[in-house]
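Undergrad: When you get a sec, could you give me coordinates for this:
(chains A and B)
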Amino acid sequence: MSSAGLEIRAISGHAGSVPGAGLKREFEVCKLIDTTTCIGCKACEVACLEWNGLTFSETTFNNSYQTMPETTWNYWNLIKFNEHEDTDHGLMLLMRKDQCMHCEEPGCLAACPADGAIVQYVNGIVDFQQEHCIGCGYCITGCPFDIPKFSPKSKKVFKCTLCADRVTQGLEPACIKACPTGCLHFGTKPEMKELAETRATQLREVSGFANAGVYDPQGVGGTHVIYVLHNATNPEAYGGLPSNPHVPWSVKLWKGPIKWLGNLAMLGGLVGVAVHFMRYGRKRVEEKPNGQDGTAHE
Amino acid sequence: MAERINHWVGSVSYLYLLITGLGFWSPYLFWLTVLVGGGPTARFFHPWIGLVFTASVVVMTIHWRKEMRTTEEDRVWWKEIGRYIQNEDENLPPVGKFNFGQKLWFWLIFYGTFLLLLSGFGLWFTESIPWSLRFLRYIAILVHVGAALLTIGGFIIHVYMSTALEEGSFDSMVEGTVSRPWAREFHRLWYDEVSRQETTRK
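TA: Modelled structure (predicted):
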């Protein structure tokens, strides 16, 4: 999704420096999702489809409010409904809006081999540029949140853009615009962090949720989508939100030490055979005086 | 003839896989994908050509399985590998149609291809691996990269030896024959056997 005008911080699969890096100042943006005031109306889902021009998909019914099981390549924003039994609060219906978390250290971008297919803007938005995507799916492996989804039709991967196109124009993302309860907020990271902490304190001190807290996982350097949770000690209860997400160790190994060792080994091999050739030369077959110059078979 | 055609299918498909694979390996080599039609095209064909390469390895295995078994002579030869490296072939213990180095290379490709195929399916159909089994996605990447690097190491040596180092090797890949002196020098036991067969046929 093109979003001209945003300063770029990091480019996937890119050899060399980022053009224009550090040229302009920009605020780091953040989406705040207060799961405690979400009513599960799915207005954000509809707004996401509307704004991004995505097609409506067939829904499923499994005796719950969960009419779509997962986000898909053309369904980037999905509320996950989870029934949760709590000794202090009885049966709770936990509702969490699931979408790209816009990590500070994005695993998708680290894993991507295609130049410019994933960019991270200075404002923190991680955006896929489908015109450069080669459809390898490495971003799917790199993501600790299971967000990027492959489109078999176009052979490209898609996900939430945090409405980078709207943000460029000074608008909030479509989901935030649509939210009727005000459980979604959009602003700068420090502001949202402060608001989230205020709400979490209120939940702890006034509403009796002793473990209420803010989800801003440091394993991926923090995220540009943060949650207020009734129980921050058990994010898994909110439809599999990982308690300590990080870029998979195999992706880190692969893009770090293995890459350098591999490059060294390959270069070493080439240099090795060249040196061997210069030192020992060709293996020549000397013509023996009595040898016929005939041929032997395969 | 079948062996030669199959070997060419293997070489060309391996080269394609190498070029595209290196393109995906490093941003500094991504330009390689431009040579074969650009990133998305390279990504589209890489797995299919991988299947072609696998097929050629299967055929090679059918052709050479028996001849690639390690023999007593190989152990003797392997101890003298230093002489082989120093091009003192005349002082080496005699070997059959394939020397132990060639056999190692064959089995490296055999097992390497097996691992690349398995992990390749994991990369090809990443989303078919359920989220709960995602460790398989992570392992697939490491296995694919590791096995690819091992075969590249062997490939460098293999191509160097058969083109630059050994006079007559590359010609045999095209023409299917080697000269008698060549066979006597490098594969004495095989030379003896073939000569014996010829004598009896006469």
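Undergrad: quick one: residue A:253 and residue B:138 touch, right?
TA: No: judged on Cβ atoms under 8 Å, residue A:253 makes no contact with residue B:138 at a distance of 9.3 Å. Every C-beta, even on glycine, is put in place using the N, C-alpha and C of the backbone.
Undergrad: who has more neighbours, those two?
TA: Remark: of residue A:253 and residue B:138, residue B:138 carries more neighbours, 19 against 16, as counted by other Cβ atoms under 10 Å in any protein chain shown.
Undergrad: Would it be right to say that the more buried one lies in a helix?
TA: Yes: assessed by DSSP: H, G, I helix; E, B strand; the rest coil, residue B:138 belongs to a helix.
Undergrad: excluding its backbone neighbours, what's nearest it?
TA: Using Cβ to Cβ, 6 or more residues apart in numbering or on different chains and skipping the chain neighbours, the partner closest in space to residue B:138 is residue A:250 (3.8 Å).
Undergrad: give the contact list for that neighbour.
TA: B:138, B:139, B:141, B:142 (Cβ atoms under 8 Å, 6 or more residues apart in numbering or on different chains).
Undergrad: give me the element it is part of.
TA: helix A:249-255 (DSSP states H and E).
Undergrad: give me the number of residues near residue B:17?
TA: 21.
Undergrad: I'd like the distance between it and residue B:45.
TA: From residue B:17 across to residue B:45, the span is 9 Å (Cβ to Cβ, to the nearest Å).
Undergrad: Just the buried subset of the contacts of residue A:250, written out for PyMOL, thanks.
TA: The PyMOL selection below is limited to those of the contacts of residue A:250 classed as buried (16 or more other Cβ atoms under 10 Å in any protein chain shown):
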select buried, chain B and resi 138+141+142
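Undergrad: and the residue sitting nearest the centre point of chain B, helix, strand or coil?
TA: With distances taken as Cα atoms, centre = their mean, chain B has residue B:109 as the residue nearest its mean C-alpha position (4.9 Å). Assigned state for residue B:109: helix (three-state reduction, three-state DSSP).
Undergrad: What residues does it make contact with?
TA: So residue B:109 contacts B:57, B:60, B:151, B:154 (Cβ under 8 Å, 6+ apart).
Undergrad: Distance-wise, check the residue lying closest to the last one once chain neighbours are set aside relative to chain A.
TA: Nearest residue to residue B:154 in three dimensions, chain neighbours excluded: residue B:108, at 4.8 Å (Cβ to Cβ, 6+ apart). Here residue B:108 is placed at a distance of 14 Å from chain A (Cβ to the nearest Cβ, to the nearest Å).
Undergrad: Kindly format the C-alpha coordinates of stretch B:121-133 as CSV.
TA: Output of stretch B:121-133 as CSV, limited to C-alpha atoms (Å, rounded to 0.1, in the frame of the first residue of the first chain):
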residue,chain,number,x,y,z
PHE,B,121,7.8,-27.9,1.0
GLY,B,122,7.7,-26.3,4.4
LEU,B,123,8.7,-23.0,2.8
TRP,B,124,6.5,-23.4,-0.2
PHE,B,125,3.3,-24.1,1.9
THR,B,126,4.2,-22.2,5.1
GLU,B,127,0.6,-21.3,5.9
SER,B,128,-0.4,-25.0,5.6
ILE,B,129,1.7,-25.7,8.7
PRO,B,130,-0.6,-24.9,11.6
TRP,B,131,0.3,-22.1,14.0
SER,B,132,0.6,-24.6,16.8
LEU,B,133,3.3,-26.4,14.9
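Undergrad: Quick check: mean pLDDT of it?
TA: On average, the pLDDT along stretch B:121-133 is 93.
Undergrad: Next: stretch B:68-78.
TA: 85.
Undergrad: Pull out the buried positions in that stretch.
TA: For stretch B:68-78, burial by neighbour count (16+ other Cβ under 10 Å) applies to B:68, B:73, B:74, B:77, B:78.
Undergrad: And stretch A:76-85, by the same measure?
TA: A:76, A:77, A:78, A:79, A:80, A:81, A:82.
Undergrad: low-confidence ranges in chain B?
TA: Residues of chain B meeting the criterion pLDDT under 70: B:201-202.
Undergrad: Could I get the full set of helices for it?
TA: B:2-25, B:32-35, B:39-64, B:72-79, B:81-85, B:100-124, B:135-159, B:169-175, B:180-186, B:188-201 (DSSP state H).
Undergrad: returning to that earlier point: quick one, which of the contacts of residue B:109 are buried?
TA: B:57, B:60, B:151, B:154.
Undergrad: Among the residues you listed, which one lies nearest to residue A:162?
TA: Distance to residue A:162, by Cβ to Cβ, is smallest for residue B:151 among those, at 41.5 Å.
Undergrad: would TSV of the buried ones among the contacts of residue B:109 with distance to residue A:282 be doable?
TA: Formatted as TSV, the buried ones among the contacts of residue B:109 follow (distance: Cβ to Cβ, whole Å):
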residue	distance to residue A:282
B:57	29
B:60	26
B:151	25
B:154	21
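Undergrad: and which of these is nearest chain A?
TA: residue B:154 (9.3 Å; Cβ to the nearest Cβ).
Undergrad: Near the closest residue to residue B:116 other than its chain neighbours, how many other residues are there?
TA: Leaving aside its chain neighbours, residue B:116 sits nearest to residue B:147 (4.9 Å; criterion: Cβ to Cβ, 6+ apart). By other Cβ under 10 Å, 21 other residues sit near residue B:147.
Undergrad: Excluding sequence neighbours, find me the nearest residue to residue A:71.
TA: Nearest in space to residue A:71, with sequence neighbours left out and distances taken as Cβ to Cβ, 6+ apart, is residue A:78 at 4.8 Å.
Undergrad: mind checking pLDDT for the one you found?
TA: 95.
Undergrad: Touching, it and residue A:70? I think so.
TA: Yes: between residue A:78 and residue A:70 a contact is recorded at 7.0 Å, counting by Cβ under 8 Å.
Undergrad: Common neighbours of those two, please.
TA: By Cβ under 8 Å, 6+ apart, no residue touches both residue A:78 and residue A:70.
Undergrad: what's the burial count for the closest residue to residue A:173 other than its chain neighbours?
TA: Once flanking residues are discounted, residue A:173 sits nearest to residue A:163: 3.7 Å by Cβ to Cβ, 6+ apart. When neighbours are defined as other Cβ under 10 Å, residue A:163 has 25 of them.
Undergrad: Ignoring the adjacent residues along the chain, who's closest to residue A:130?
TA: residue A:156 (4.4 Å).
Undergrad: Could you report the separation of the residue nearest to residue B:116 from chain A?
TA: 12 Å.
Undergrad: contacting residues for that residue?
TA: Per Cβ under 8 Å, 6+ apart, neighbours of residue B:147: B:112, B:115, B:116, B:119.
Undergrad: Mind putting those into CSV with neighbour count?
TA: Listed next are the contacts of residue B:147 as CSV, based on neighbours: other Cβ atoms under 10 Å in any protein chain shown:
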residue, neighbour count
B:112, 21
B:115, 17
B:116, 26
B:119, 22
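Undergrad: Which one of these is nearest to chain A?
TA: Nearest to chain A, judged by Cβ to the nearest Cβ, of the contacts of residue B:147 is residue B:119 at 11.3 Å.
Undergrad: these two touch, right, that closest one and residue B:143?
TA: Yes: assessed by Cβ under 8 Å, residue B:119 is found in contact with residue B:143 at 4.0 Å.
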